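Undergrad: Here is a sequence with its predicted model. Questions after.
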Amino acid sequence: MIIATIIGLATGIFLGFALNVSYPSEYSFYITMALLAALDSIIGAGRAQLEGKFNMTIFTTGFFLNALLAGVLAFLGDKLGVPLYYAAILVFGGRLFQNLGVIRRILLDKYILRK
Amino acid sequence: MKKNVIIIFVICIIVGFFISVSAKLVDGQHLFVSPNVINDLQTTIASEKTEIASIYKLIDVQRQELAKYKDTYISDSTFSAQLSKELESYKIFGGAIDLEGEGVSVIIDDGTRELLDGEDPNNVLVHDADLLMVLNELKANGAEAISVNGQRLVNSSEIACSGYSVRINRKFYARPFRIEAIGDSKRMAASMVAPESYGALLKEYGLTFEVKISDNIKIPKFSEGFNYKYMVKSNKGGN
């Protein structure tokens, strides 16, 4: 599972650099926000997997909905003149670190501290 | 389980793909622009756009104005009168028109005196140089238009020796030479007969040199036609 995640990310990054694909630069900010949410979802999925309560439906819906919400928040913030994307950055960024911390602890428990 | 792994794999590919595409596109630019700055820039752009629009409008207005002016100027009688006046003055300067006015007529002819012993007969003949000197004196004293034997002198007129005749405007003329000049008649006549003048010198040599003041000198137009091959209008500055 985790191996699949890492290989998938690497393949995607390689494909992105190899293929000459681009989108209008005015959307780049929103897509970056969506990417943050997507990364959070993936790290969260890893954590749930390690905790043994991973649910594919929850992951898939969370992935797309969070990405969509982050992008929409950034867009709405731009239109209203209020930096609403801070909310997305704080929540998803904070959860990224939190989930990563949990994953680290689980892995440490599993492979090192148990010895 | 296997299906889950595949889905996760595909989703990760998508995320990685977008990460690298974004990185390529953004490359660290405009990441830290505050909404205030964006707002300011948008205001500036909007005001510039309105200014551009108003300038375009101004250009349109000026174009219409210009077209109107052109129309009225071409149809306006005073303007066309002005134009024809200008054209006439150019015609006068260029010798395209018959002229008349106050002036002098000078007749130069070969001398009739007996030659001295061994004297060069050229001394009593009229030469092209004599004519040129007299013409130059006339010009220096206010001649506005000059003809020699009925040939209007323009800027390209030559006076060249050609045996016993003189070539003027590519036509050959023999003595006597009748120079007519429009201008300040008294001044020109005085310069012709002044003691130090070239005319006095010619008289001393024994040539015939007569000056007559006239109120109605007639000078014909230059009728030979211009044939310019080399000069073109300069594009650098000026009109």
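TA: Arrived safely. Numbers count the residues shown, from 1 in each chain, chains lettered A, B, ... in the order given.

Undergrad: what comes into contact with whichever strand or helix holds residue A:96?
TA: For residue A:96, the enclosing helix or strand under DSSP states H and E is helix A:85-108. Contact with helix A:85-108 is made by A:29, A:33, A:36-37, A:39-40, A:43-44, A:46-47, A:50-51, A:66, A:69-70, A:73-74, A:77, as judged by C-beta atoms under 8 Å, 6 or more residues apart in numbering or on different chains. Quick note: C-beta positions are derived from backbone N, CA and C, even for glycine.

Undergrad: Report the secondary structure state of residue B:221.
TA: What DSSP: H, G, I helix; E, B strand; the rest coil gives for residue B:221 is coil.

Undergrad: can you pull the contacts of it?
TA: Applying C-beta under 8 Å, 6+ apart, one finds that residue B:221 lies in contact with B:95-99, B:152.

Undergrad: go with 6 Å
TA: B:95-98 (C-beta atoms under 6 Å, 6 or more residues apart in numbering or on different chains).

Undergrad: likewise residue B:211?
TA: Contacts of residue B:211 (C-beta under 6 Å, 6+ apart): B:104, B:106, B:189, B:192-193.

Undergrad: Closest to chain A out of these?
TA: Checking the contacts of residue B:211 against chain A with C-beta to the nearest C-beta, the nearest one is residue B:104 at 86.6 Å.

Undergrad: mean confidence for the strand or helix carrying the closest one?
TA: Under the criterion of DSSP H and E, residue B:104 resides in strand B:99-109. For strand B:99-109, mean pLDDT is 88.

Undergrad: how far does it sit from the chain's center?
TA: Distance, stretch centre to chain centre, for strand B:99-109: 29 Å (C-alpha atoms, centre = their mean, to the nearest Å).

Undergrad: who does it pair up with?
TA: According to DSSP bridges, strand B:99-109 forms sheet pairs with strand B:177-183 (antiparallel), strand B:208-219 (antiparallel).

Undergrad: what's the closest non-adjacent residue to residue B:139?
TA: Residue nearest to residue B:139 in three dimensions, not counting chain neighbours: residue B:146, with 7.2 Å by C-beta to C-beta, 6 or more residues apart in numbering or on different chains.

Undergrad: Over to residue B:215?
TA: residue B:102 (5.4 Å).

Undergrad: so the one you found sits right up against residue B:183, yeah?
TA: No. Contact criterion C-beta atoms under 6 Å: residue B:102 and residue B:183 do not qualify, at 7.6 Å.

Undergrad: out of those two, which sits in the busier spot?
TA: Neighbour comparison, residue B:102 and residue B:183: the larger count goes to residue B:183, with 20 against 15 (by other C-beta atoms under 10 Å in any protein chain shown).

Undergrad: Relative to residue A:6, how far out is that one?
TA: To residue A:6, residue B:183 is 106 Å away according to C-beta to C-beta, to the nearest Å.

Undergrad: Could you pull up the mean pLDDT of stretch A:14-22?
TA: Per-residue scores along stretch A:14-22 average to 79.
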